[in-house]
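Trainee: have a look at this prediction, sequence included:
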Amino acid sequence: MDKILRIDMGAAGGPQMKVEALGGYAGMGGRGMTSAVISKEVPPLCHPLSAENKLVIAPGLLSGSAAAQSGRISVGCKSPLTGGIKESNSGGQASQVLGRLGYAAIILEGKPAKDDLYKIIINQSGVQVLADNSLKGLGNYALMDRIKADHGDKVACISIGPAGEMKMPAASVAFTDMEFRPTRHAGRGGPGAVMGSKGVKVIVLDDAGCKLRPPKDPEKFKEANKRFAQGLKKHAVTGQGLPSFGTNVLTNIINEAGALPTNNFTSGRFSGAAKISGETYAELEKSRGGNPTHGCHRGCVIQCSGIFNDKNGNYLTKQPEYETVWAHGSNCGIDDPDVIAQIDRLEDDLGLDTIEMGATIGVAMEAGLAKFGDSEAAIRLVKEVGQGTPLGRILGSGAEITGKVFGVVRVPTVKGQAMPAYDPRAVQGIGVTYATSPMGADHTAGYAVTANVLGVGGSVNPLSAEGQIELSRNLQIATAAIDATGYCLFIAFAILDQPDTFQDMLDVIGAFIGQELTAAGVTELGKKILSFERDFNARAGFTSKQDRLPGYFKEEALPPHNVVFKVADQDLDQVFNW
């Protein structure tokens, strides 16, 4: 990946493209690339939907190679939801294909003068940017049917649904999986709205004729990669739990821990948890001819995705992720797996962040727009977003805006972004991450659930403030580095517990780039990326006041442990004092 593709969507006479060398961005990939470009090139005070903002799509450093588990991709911009820097991460086929095409990043710049919608085609021969207004208003599934008819199903696609076209702050960017379904999403922070503001509906990636990216030291790479894959398979989480039950293996675990946010974060336990657990979904999928074990891209070893069929045995959606099951399950008081799967399909089609929408509907239910547990109302509210009604526009703006419009005090957001599926009162380490991550509330930024609940990488009491700052700090640094490689974040379970697997990872990367990589090097990379992000946010006007949870988390005790968030503000301010 030795080049960057820049496309100026607002150029005089129509979109203009240029391919340039990496220059100062050499050695950057994934989140490292997106955060470096946004920090250096985007005015921090610009409007997120203006021509000055940029959308950066970057495969990881290893993507396009034979490295196991290296198919993650990063999407970066100034967020319409938080007003700060944003990196949103996704699986799917695109990262590997883009890497094999030789691009370290696609940077969408400017803004079309007219209301045209564009299709971008990238293959070995070059790049085409074509106006195609017949694509307007299509959901992601119908869009993929159109693309398949024109380009076949061996390509990979990056697209937005109607929510992105309407520039909603909860809009996601969709990526196709191995079956050419738009089921993988960079959802957090509204990157779909920025893609929509650039007038881009879909990017078609065709790597026909391209070879795998070769490592600098093929023999060492091959051996280290084999050992690394074996290490993933022997760990209980990555080798057993996730392949058997998907990410939703966590529902029963987090519910038992008293940390499953229920009815808009008013309780940590949900009486219907067993009905929507990973174990229940796996049995349901098997009985209907689906599959609880499936990869989102070729080269995936963990296989934590799945195929969910409806009651008639027809494909409906991917196996709903834990975050989706929480968002539209316990958070809204719903315990029907079919309803949750239906909403998952709907949000993938419309192009919406499932976490933001689930939290938003929870806030709307608290406001009295529907009752907790009302499945039909939840579906109706999501459909309103897709229709762009006045209410739908409010909901599509996220939980914080919805709370303000309807006068709700209990709104679970940080920096304008909704909290995911772990209550910070019962998992205090994740509360530190929510509060301090440059991204807004984001569990993947520093997944303290590892040591707080799962006993991975050590053990830190989840109900105490002690040790949480160090835990979150170290995980945020490590996560930023992993997000730059293209590796799936789930490798963290194995590398935290198995020192030999961590060394195997270092050896894979080192053999690929042709220079020895140490643990200290990984730490420095993570710190460098976080520094880019925090610098951008500071110039955008963020201060320590934004590194806080909403006040009610310190005031309202959460059942069943009846605990509040205990980490002091002055301690939160020490997270990045390295």
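Mentor: Done, it's in. Quick caveat: nothing in here was measured; it's all calculated off a predicted structure. Residues are numbered from 1 along each chain as shown.

Trainee: send me stretch 374-385 as CSV with only the CA atoms.
Mentor: Extracted in CSV, the C-alpha atoms of stretch 374-385 (Å, rounded to 0.1, in the frame of the first residue of the first chain):
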residue,chain,number,x,y,z
ASP,A,374,-43.2,-2.4,23.0
SER,A,375,-41.7,-4.2,20.1
GLU,A,376,-44.0,-2.8,17.4
ALA,A,377,-43.3,0.7,18.6
ALA,A,378,-39.6,0.2,18.5
ILE,A,379,-39.8,-1.0,14.9
ARG,A,380,-42.0,1.9,14.0
LEU,A,381,-39.6,4.4,15.4
VAL,A,382,-36.7,3.0,13.4
LYS,A,383,-38.8,3.1,10.3
GLU,A,384,-39.6,6.8,11.0
VAL,A,385,-35.9,7.5,10.8
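
Trainee: quick one: mean pLDDT for that stretch?
Mentor: Across stretch 374-385, the average pLDDT comes to 98.

Trainee: residues contacting it, please?
Mentor: 163, 168, 170, 328, 332-334, 336, 339, 342-343, 346-347, 350, 352, 357, 361, 364-365, 369-371, 391-393, 395-396 (C-beta atoms under 8 Å, 6 or more residues apart in numbering). To be clear about C-beta, it is placed using only N, CA and C from the backbone, and glycine gets the same treatment.

Trainee: please name the nearest non-neighbouring residue to residue 68.
Mentor: The shortest distance from residue 68 to any residue other than its chain neighbours is 4.3 Å, reached at residue 229 (C-beta to C-beta, 6 or more residues apart in numbering).

Trainee: ok, the one you found - how many residues close by?
Mentor: By the measure other C-beta atoms under 10 Å, the count of residues near residue 229 is 19.

Trainee: which elements pack onto whichever strand or helix holds it?
Mentor: Using DSSP states H and E, residue 229 maps to helix 218-234. In terms of contacts (3 or more C-beta pairs under 8 Å, 6 or more residues apart in numbering; DSSP states H and E), helix 218-234 is packed against helix 491-497, helix 499-513.

Trainee: pick the most deeply packed of the ones you listed.
Mentor: Each of the helices and strands packed on helix 218-234 was assessed for mean neighbour count using mean count of other C-beta atoms under 10 Å. The highest is helix 491-497, with a mean of 23.

Trainee: by contact count, what packs against it?
Mentor: Secondary structure elements in contact with helix 491-497, counted by 3+ C-beta pairs under 8 Å, 6+ apart, are helix 218-234, helix 468-485, helix 499-513.

Trainee: nearest to residue 134, of those helices?
Mentor: With distances scored as C-beta to C-beta, the stretch of those nearest to residue 134 is helix 468-485 (35.9 Å).

Trainee: buried set for that closest one?
Mentor: Along helix 468-485, the positions that meet the burial threshold by neighbour count (16 or more other C-beta atoms under 10 Å) are 468-469, 471-485.

Trainee: spatially central residue for the protein, please.
Mentor: Closest to where the C-alpha atoms of the chain average out (C-alpha atoms, centre = their mean) is residue 89, at 4.0 Å.

Trainee: which SS class is that residue?
Mentor: Assigned state for residue 89: strand (three-state reduction, DSSP: H, G, I helix; E, B strand; the rest coil).

Trainee: number the chain from 35, please
Mentor: From this message on, residue numbering opens at 35, which makes the last subject residue 123.

Trainee: show me what it bridges to in the sheet.
Mentor: Here residue 123 sits in beta bridges with residue 108, as judged by DSSP bridges.

Trainee: wait, isn't it in contact with residue 221?
Mentor: No: applying C-beta atoms under 8 Å as the test, residue 123 and residue 221 come out as separate, 9.3 Å apart.

Trainee: what touches both of those two?
Mentor: Joint contacts of residue 123 and residue 221 (C-beta under 8 Å, 6+ apart) do not exist.

Trainee: ok, now how distant is the closest residue in space to residue 122 that isn't next to it in sequence from residue 113?
Mentor: For residue 122, the nearest residue in space outside its immediate sequence neighbours is residue 220; the separation is 3.8 Å by C-beta to C-beta, 6+ apart. Residue 220 sits 12 Å away from residue 113 when distances are taken as C-beta to C-beta, to the nearest Å.

Trainee: what of residue 126?
Mentor: Per C-beta to C-beta, residue 126 is found 21 Å from residue 113.

Trainee: in the helix or strand hosting residue 557, which residues are buried?
Mentor: Taking DSSP H and E as the criterion, the element that holds residue 557 is helix 553-573. Within helix 553-573, the residues that count as buried by 16+ other C-beta under 10 Å are 556-557, 559-571.

Trainee: list just the nearest of these to residue 38.
Mentor: residue 566 (16.7 Å).

Trainee: hang on, isn't the closest one packed against residue 70?
Mentor: Yes: with contact taken as C-beta under 8 Å, residue 566 and residue 70 are classed as touching, separated by 5.6 Å.

Trainee: run through who's touching the helix-or-strand element of the chain with minimal mean pLDDT.
Mentor: Among the helical and strand segments of the chain, the one scoring lowest on mean pLDDT, DSSP states H and E is strand 325-328, with a mean of 91. Applying C-beta under 8 Å, 6+ apart, the set of residues contacting strand 325-328 from outside is 277-280, 312, 315-316, 319-320, 337, 339-341, 352-353.

Trainee: go again with 6 Å.
Mentor: Under the criterion C-beta atoms under 6 Å, 6 or more residues apart in numbering, residues 277, 316, 319, 337, 339, 340, 341 lie in contact with strand 325-328.

Trainee: quick one: the second one is in a helix?
Mentor: If I follow you right, that is residue 316. Yes: the assignment for residue 316 (three-state DSSP) places it in a helix.

Trainee: what's the closest of the helices and strands packed on helix 525-531 to residue 235?
Mentor: When the helices and strands packed on helix 525-531 are compared by C-beta to C-beta, helix 502-519 sits nearest residue 235, at 26.3 Å.
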